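# Sharing a sequence plus its predicted fold:
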Amino acid sequence: MADEKESSESMIADVQKRITDAFDIFDHESNKTVDVREVGTIVRSLGCCPSEAELHDMLEEIEEEEPTGYIRFEKFLAMMTHVLMERRYKPSPEDIILKALMTLDVEHKGHLTQEEITKYMTTEGEPFTPEEMEEMLSAAVDPDKGVVLYKDYASAMALEET
């Protein structure tokens with residue numbers, strides 16, 4: 001029983017260290033606050049993939065009563081510890097990512113052009129912002145062929161799970 005408690009405490013300590021390290025990268029003033037606009041990046045860097053609506057709900061939970069534009073570390077740590085310990089917002093597995101990308105390849109050519117992927121990602125579902133699109137393309141486009149070889153991209157996305 002004591003070993004289980006120690007193991008659980010050790011796991012929580014490890015999770016909280018990961019959260020602290022991620023938060024500190026964006027705490028530019030070293031005052032235990034981050035810009036509210038950075039929270040999504042921090043959350044995703046911790047291996048969580050909430051939708052924009054879910055992220056909005058998370059922010060509502062940790063924002064000050066009078067919004068300041070900044071999130072305090074104490075509130076972020078408590079919320080993210082629960083999120084990570086409950087394994088919420090996990091990324092999709094490789095086979096699901098691959099099926100989704102294959103569905104977009106109506107001609108079954110094994111790749112998507114930058115134009116195709118941009119059209120789908122900016123007009124369907126939760127549209128990507130231009131910045132998100134640029135970031136995705138920089139990671140997804142094969143530099144030699146200039147297209148998204150989605151089998152490779154799905155593998156790379158799945159490998160980034162923590």
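Now that the structure is in, tell me what you want to look at.
# what's the spacing between the spatially most central residue of the chain and Gly146?
Nearest residue to the geometric centre of the chain (C-alpha atoms, centre = their mean): Arg44, 2.4 Å. Arg44 sits 26 Å away from Gly146 when distances are taken as C-beta to C-beta, to the nearest Å. From N, CA and C alone the C-beta is placed, and that goes for glycine too.
# ok, back up a step: and the residue nearest to the centre of the chain, what element?
According to DSSP states H and E, Arg44 maps onto helix 39-45.
# elements contacting that helix?
Counting contacts by 3 or more C-beta pairs under 8 Å, 6 or more residues apart in numbering; DSSP states H and E, helix 39-45 packs against helix 2-26, helix 52-62, helix 73-85.
# Let me have those helices in a markdown table, adding distance to Thr122 as columns.
What follows is these, written out as a markdown table (distance: least, C-beta to C-beta, whole Å):
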| stretch | distance to Thr122 |
| --- | --- |
| helix 2-26 | 26 |
| helix 52-62 | 14 |
| helix 73-85 | 28 |
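# can you tell me the helix or strand for Lys119?
Using DSSP H and E, Lys119 maps to helix 114-123.
# which residues are contacting the helix-or-strand element of the chain with minimal mean pLDDT?
Among the helices and strands of the chain, helix 150-159 carries the lowest confidence by mean pLDDT, DSSP states H and E, at a mean of 81. Here helix 150-159 makes contact (C-beta atoms under 8 Å, 6 or more residues apart in numbering) with 91, 93-94, 97-98, 101-102, 104-105, 110-112, 139-140, 142.
# Which one (most neighbours) among the residues you listed?
Leu112 (24 neighbours; other C-beta atoms under 10 Å).
# Could you pull up the contacting residues of Thr41?
Shown in contact with Thr41 (C-beta under 8 Å, 6+ apart): Phe26.
# gap between it and Ala22?
Distance, Thr41 to Ala22, using C-beta to C-beta: 9 Å.
# thought Pro50 was touching Val43?
Yes. Between Pro50 and Val43 there is a contact under C-beta atoms under 8 Å: 6.5 Å.
# Which one of those two is surrounded by more residues?
Val43 (24 against 16).
# pLDDT below threshold where in the protein?
Along the chain, the parts satisfying pLDDT under 70 run over 1-5, 159-162.
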